[in-house]
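Chemist: Curious how this folds, go ahead:
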Amino acid sequence: MKTVTLYTDGACSGNPGPGGWGAILEFNGVEKELSGGESLTTNNRMELTAVIEGLRALKEPCQVELYSDSKYVVDALEKGWAVGWQKRGWVKSDKSPALNPDLWETLLALCKQHKVTCHWVKGHAQNEKNNRCDELAVAESRKFLNN
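Modeler: Here you go, the predicted structure:
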């Protein structure tokens, strides 16, 4: 199984508001940048979308080292929260509805295809790939500001 590194970030101007996401896939020294956005979304939806689109771009099952500055994504995957929400019909342990169940369904399915290991990185800090993902995400979100 190939080992791929995936860096991701999401951005939103207002929450909700215009948003963007960025991802960098790295394998054997080769990088591929991905990005996109939506006119009305939230930062968490963009963080999730970045991971989803990065995983969707893989053509075969891989060991994925995921680097994200989103505690929401990293904790929900690593601590099993998202799987718990799914088992309870998208209800959190405090009985409130889990947010973004559509994206979590997709992400959890992709996590069954790939072996994903999460690494939390401090946002807007020293990780140049995470900073590049932030640049991509912000640039995408700005495309919707003048519409």
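Chemist: can you pull out the helices in the chain?
Modeler: If DSSP state H is used as the criterion, the helices of the chain fall at 43-56, 71-78, 81-87, 101-113, 128-142.
Chemist: winner for burial among the ones you listed?
Modeler: Among these, the stretch with the highest mean neighbour count (mean count of other CB atoms under 10 Å) is helix 43-56, at a mean of 24. For glycine as for every other residue, the C-beta is placed from the backbone atoms N, C-alpha and C.
Chemist: who does that one touch, helix- and strand-wise?
Modeler: When contacts are defined as 3 or more CB pairs under 8 Å, 6 or more residues apart in numbering; DSSP states H and E, helix 43-56 sits against strand 2-12, strand 17-27, strand 30-41, strand 62-68, helix 71-78, helix 101-113, helix 128-142.
Chemist: would you turn the ones you listed into JSON lines with mean pLDDT?
Modeler: Compiled in JSON lines, these are given as follows (pLDDT from 0 to 100):
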{"stretch": "strand 2-12", "mean pLDDT": "97"}
{"stretch": "strand 17-27", "mean pLDDT": "97"}
{"stretch": "strand 30-41", "mean pLDDT": "97"}
{"stretch": "strand 62-68", "mean pLDDT": "98"}
{"stretch": "helix 71-78", "mean pLDDT": "97"}
{"stretch": "helix 101-113", "mean pLDDT": "98"}
{"stretch": "helix 128-142", "mean pLDDT": "95"}
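Chemist: Tell me which of the ones you listed lies nearest to L55.
Modeler: Minimum separation from L55 across those (CB to CB) falls at helix 101-113, 4.2 Å.
Chemist: In contact with the closest residue in space to A76 that isn't next to it in sequence, which residues?
Modeler: Spatial nearest neighbour of A76, excluding adjacent residues (CB to CB, 6 or more residues apart in numbering): A82 at 4.2 Å. Taking CB atoms under 8 Å, 6 or more residues apart in numbering, we find A82 in contact with A76, A98, W104, L107, L108.
Chemist: 6 Å instead, please
Modeler: When contacts are counted by CB atoms under 6 Å, 6 or more residues apart in numbering, A82 touches A76, W104, L108.
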